[in-house]
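> Have a look at this fold, sequence not included:
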């Protein structure tokens with residue numbers, strides 16, 4: 001039985017001697033072994049740790065020799081085995097989580113002196129080919145090179161499969177828990193599985209030149225909220241992004257060029273870490289009011305169908321306010337938690353898409369809507385011209401929760 005992972009063996013005597021461990025694991029093959037003999041019964045199993053520099057490996061007795069297992073992060077491919085003799089901690093990382101669980105179970109049996117259910121290895125040096133599984137980067141740019149009969153190396157951190165004719169995301173990719181960069185550009189993918197959100201370390205996702213028509217709300221609620229920093233959705237067929245998209249607050253680089261976008265998410269201003277935004281050649285008629293809250297280094301909105309600001313405002317004031325309007329404003333103003341387990345789902349959607357007045361208050365269905373222009377240099381250091389006429393201004397919508405707010409802010413609409 002073997003396990004491929006990174007290993008660091010730490011002596012517990014080091015702190016007493018005033019020394020520190022290296023703090024870095026090495027790629028290794030762990031084997032559960034027995035030394036075979038024709039004349040004697042099978043010997044107890046032991047752990048053999050082999051590295052590329054030491055293929056014969058180092059042996060550690062297991063029978064009644066394991067002091068403790070540390071498995072809090074086993075689902076992330078990490079665990080530590082503390083031995084009694086020698087007094088060392090064997091720290092494992094970047095392992096396949098299911099393989100790691102099975103290997104630890106076998107080690108527990110060996111520690112108790114029980115028979116291991118799975119076959120154990122014989123004491124032979126590990127071959128160099130065993131270490132090929134530690135590949136961290138794989139680039140596939142043609143259909144003929146795409147692996148059909150064997151899995152991707154579990155240790156991959158960067159995977160690119162472009163020009164392979166993929167119509168869906170290969171589920172084998174979603175088992176690569178160490179992935180930090182996934183490039184699926186130039187394929188025919190129409191839909192993203194929600195399980196992409198299970199890639200807890202994913203920082204860059206490239207879906208350029210596919211057939212996507214939407215971006216899943218489930219992905220916006222996934223662990224991508226804390227990990228995803230770069231997203232390329234260029235050259236697809238996306239008309240709108242869900243309002244929940246703005247929960248991906250670690251995003252720094254967002255590319256939406258050459259889609260069919262007719263609007264940005266209304267709460268795009270919540271992307272506080274966004275620095276590079278490109279949405280050229282779409283069908284945007286105007287920008288949402290929260291666009292003013294962005295702080296960008298680079299902005300490209302060239303080739304959109306921006307409309308001229310309307311002279312007359314759209315008035316939808318209600319007097320008196322409905323119970324729904326008053327309740328919604330109270331919930332949002334006081335930041336009262338809500339969800340579909342508390343109130344109907346359609347009310348959650350209304351709250352998610354509530355407008356924000358220029359005064360900072362919220363409004364649902366009672367408001368005045370006005371359109372003006374903004375110079376894009378007010379939100380970005382570098383701005384690509386929005387048209388061939390040399391302009392850097394674009395129409396933006398503003399909302400007013402009352403007639404008083406509209407009158408007090410009327411200068412901004414001139």
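Everything's here; your move. Source: prediction; values computed, not measured.
> ok, now how distant is the residue lying closest to residue 126 once chain neighbours are set aside from residue 156?
Nearest residue to residue 126, sequence neighbours excluded (CB to CB, 6 or more residues apart in numbering): residue 50, at 4.0 Å. C-beta coordinates here come from the backbone N, C-alpha and C atoms, glycine included. As for residue 50, its distance to residue 156 is 21 Å (criterion: CB to CB, to the nearest Å).
> hang on, residue 340 is in a helix, isn't it?
No: secondary structure of residue 340 (DSSP: H, G, I helix; E, B strand; the rest coil): coil, not part of a helix.
> give me the element the residue lying closest to it once chain neighbours are set aside is part of.
Residue nearest to residue 340 in three dimensions, not counting chain neighbours: residue 348, with 5.4 Å by CB to CB, 6+ apart. Per DSSP states H and E: residue 348 is located in helix 345-352.
> mind listing what's buried in that helix?
347, 350-351 (16 or more other CB atoms under 10 Å).
> Stretch 269-288 now?
Under 16+ other CB under 10 Å, the buried positions of stretch 269-288 are 269-271, 274-282, 284, 286-288.
> of those, closest to residue 371?
Nearest to residue 371 among the buried residues of stretch 269-288, counting by CB to CB, is residue 286 at 6.3 Å.
> number of nearby residues for the closest residue to that closest one other than its chain neighbours?
For residue 286, ignoring the flanking residues on the chain, the nearest one in space by CB to CB, 6+ apart is residue 395 at 4.3 Å. Using other CB atoms under 10 Å, residue 395 has 17 other residues around it.
> The buried residues of stretch 269-288: which two are farthest apart?
270 and 281 (25.1 Å).
> isn't the residue nearest to residue 126 right up against residue 26?
No: here residue 50 does not reach residue 26: they are 10.6 Å apart, not a contact under CB atoms under 8 Å.
> the more surrounded of the two?
Comparing residue 50 with residue 26 by other CB under 10 Å, the one with more neighbours is residue 50, at 22 against 15.
> Give the bridge partners for the more buried one, please.
residue 29 (DSSP bridges).
> Which residues are in contact with residue 283?
Neighbour list for residue 283: 260-262, 304-305 [criterion: CB atoms under 8 Å, 6 or more residues apart in numbering].
> got a markdown table for those residues, with neighbour count and secondary structure too?
Listed next are these as a markdown table, based on neighbours: other CB atoms under 10 Å; DSSP: H, G, I helix; E, B strand; the rest coil:
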| residue | neighbour count | secondary structure |
| --- | --- | --- |
| 260 | 13 | coil |
| 261 | 20 | coil |
| 262 | 14 | coil |
| 304 | 20 | coil |
| 305 | 10 | coil |
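> mind listing what's buried in stretch 174-191?
Going by 16+ other CB under 10 Å, stretch 174-191 has these buried residues: 174-187, 189.
> Closest one of the buried residues of helix 345-352 to residue 6?
residue 351 (45.7 Å).
> Find me the pLDDT at that closest one, would you?
Residue 351 is assigned 90 on the pLDDT scale.
> For residue 107, which non-adjacent residue is closest in space?
According to CB to CB, 6+ apart, the nearest residue to residue 107 is residue 62 (6.2 Å).
> from what I can see the one you found touches residue 111, true?
Yes: between residue 62 and residue 111 there is a contact under CB under 8 Å: 5.3 Å.
> which one of the two has more residues nearby?
Remark: of residue 62 and residue 111, residue 62 carries more neighbours, 24 against 20, as counted by other CB under 10 Å.
> give the contact list for that one.
32, 44-47, 107, 110-111.
> Distance to residue 234 and secondary structure for those residues - can I get that in CSV?
CSV is the format used below for those (distance: CB to CB, whole Å; DSSP: H, G, I helix; E, B strand; the rest coil):
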residue, distance to residue 234, secondary structure
32, 48, strand
44, 59, coil
45, 54, coil
46, 54, strand
47, 49, strand
107, 48, helix
110, 53, helix
111, 54, helix
